[in-house]
Structure formats: structure tokens, C-alpha cells
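No sequence on hand, only this structure:
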């Protein structure tokens, strides 16, 4: 915002930054081996908001990404959050995309295969392998930046899931949730992860 003041016939311009709040995606993460291997989440700055530009995805994986999960079952690139503004909406939102060719990603009971993505509700559960992530969006005003804030839970986060969501692949084809049961994310077996980049 630029404000102009007239002082003794001269015009003085004063630049004033208007502070906008940032949308924040809060992630509570759990893995059953955490008690035996505390390094799993050690590469992530826990309890601190990480600021990202709106056009930059928040990528989670084992390697070459900002949010590293130190476990051999995690793909080098596992999944990403994208920050966007839905059509005909004034509020910012997130979508999630599965980046792993080998591991299924479950979001509130919906199975996402490689490159499938889905728009996210304000609160949701993510599962892949033995990992559980409970996520909740805190609304903000800025369209330029957003925050990711991670913390670790010492207890399982599994809960009953609501109605299945509808996933959209990169080709725009809908993944029908009709064959999914509401507990699929809780009962799905952990995938045997073979890193697609290690061949």
C-alpha cells in the first residue's frame, strides 16, 4: 500500500506493507516404529512453520525433497501438496498428488495411484505404508505464500473415515470410489516399496 502525505507543498510517499496471514497446513505424523527409530522424522523441522511460495509444491519423500521421511519404505518422491485457488472461490485450498510408482496413497479412504491427485477438505487422514498423517488447514489471506507445520504423534492417528472422496488422475479421469470401503485406509496392507529410481 502506498500512502502520500503533503508536507509544506511537497508530496512525500510512504510505503507501508500490509501484513496478510498465511494459510497453514498442519500435519500430525505417526509411524509405529517411532519408539525404536526416532530418526524417521528427524530431517523435518518439527513444531515450526515452513514458508513456501504459492507456486512451489510441498514435496515429501526419502530424498531430493524439502520434507524428508527417513525410512527405507518411503519412495524418493512420495507425495506432494499443491496450494491453489479453486475456480469461483475466494479461499485458498490444497490438493495432494501421489508421486510414488510403487506405493498406494490413501486419503480418507480413497486410493490414489501414481500421479493421481485429489482436492483436500479442511481436515483429512493420509496413509501410505505404516505412515499416518492427520492434516488440518488453517485459513489465511495471502495468495503469494503458505505454511506447512509438522509435528509428531506418539500415538496412532487412525480413526473412522467419512464418505470416500473422488480422485482425479493427471489425465482428468475420475477414479470411482464405489468399490472402496470406508475403512480401506485403516486396513490396507503396507506396500512393498521398491524405489522406481533405483533400477
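Looks like it arrived, so ask away. Since the structure is predicted, the reported quantities are computational estimates derived from the model, not experimental observations.

what sits up against stretch 46-55?
22, 24, 58, 66-67, 83, 142-152 (CB atoms under 8 Å, 6 or more residues apart in numbering). Using the backbone N, CA and C atoms, a C-beta is placed for each residue, glycine as well.

ChimeraX command for the buried members of the residues you listed?
A single ChimeraX command selects the buried members of the contacts of stretch 46-55 (16 or more other CB atoms under 10 Å):
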select :22,24,58,66,67,83,145,146,147,148,149,150,152
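
mind listing what the most centrally placed residue in the chain touches?
Closest to where the C-alpha atoms of the chain average out (CA atoms, centre = their mean) is residue 81, at 3.9 Å. Counting by CB under 8 Å, 6+ apart, residue 81 makes contact with 25, 57-58, 94-96, 120, 148.

what residue ranges in the protein are flagged as low confidence?
Low-confidence segments of the chain (pLDDT under 70): 1-18, 159-199.

Now restrict the contacts of residue 81 to buried residues only.
Buried members of the contacts of residue 81, counted by 16+ other CB under 10 Å: 25, 57-58, 94-96, 120, 148.

With secondary structure and distance to residue 135 as new columns, can those residues be given to me in CSV?
Rendered in CSV, the data for these read as follows (DSSP: H, G, I helix; E, B strand; the rest coil; distance: CB to CB, whole Å):
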residue, secondary structure, distance to residue 135
25, strand, 6
57, coil, 15
58, strand, 11
94, strand, 8
95, strand, 12
96, strand, 9
120, coil, 7
148, strand, 10
